[in-house]
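K.L.:
Sequence and predicted structure, then a few things I'm wondering about:
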Amino acid sequence: MNQLQNNYQKNLSLLVVEDNQEDYVALTRIMRKLDFQYPIYHCEDGDEALDFLFQTGEYSDPEIAPRPTIILIDLNLPGTDGREVIKVIKNNQQLKKIPVVVFSTSSNPQDIHICYQQGANSYMQKPVNIKDLSKNIEIFLFYWFQAVILPYS
């Protein structure tokens, strides 16, 4: 790994947009068990996520809200839902290169179609049991944080 890649690897981070606190705790617990070393930022709804991404409101300080490397987002959020957040991200020149991965309980083909149409990079269904959830998170982390070459900020 060259020095540029090495420095870039140090700046990786994840923004999780999830309104269900139990899901968020389970997700982060699994990530820590898998030795995920990068910062994880959390927003509980679409409006908060947009404030974080545009560094407005309580997130106006870039130290508090650095640009994430990847966004993991639920669809059915209070306020601005995940579909609309994806649309806003993918229509913004500065944000559109950030990969957005949908992580939802919905297997509705219409939801999946809309997400990809709005520019989502991937769609994962939340499994109901912890073993499958752990496996999916392990695959997600390996793919997005080890296998893929991400755009430099």
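P.N.:
In hand now; what should we look at?
K.L.:
any idea how far Tyr91 lies from Glu138?
P.N.:
To be clear, residue 91 is Asn; Tyr isn't right here. 32 Å (C-beta to C-beta, to the nearest Å). C-betas here are computed from N, CA, C, even on glycine.
K.L.:
now do Met124
P.N.:
Distance, Met124 to Glu138, by C-beta to C-beta: 12 Å.
K.L.:
for Tyr24, same thing?
P.N.:
17 Å.
K.L.:
Of those two, which one has the most company?
P.N.:
Set side by side, Tyr24 and Glu138 show more neighbours around Tyr24, with 18 against 15, by other C-beta atoms under 10 Å.
K.L.:
Show me what the strand or helix carrying that one is packed up against.
P.N.:
Here Tyr24 sits within helix 21-33, counting by DSSP states H and E. Counting contacts by 3 or more C-beta pairs under 8 Å, 6 or more residues apart in numbering; DSSP states H and E, helix 21-33 is packed against strand 14-17, strand 40-43, helix 130-142.
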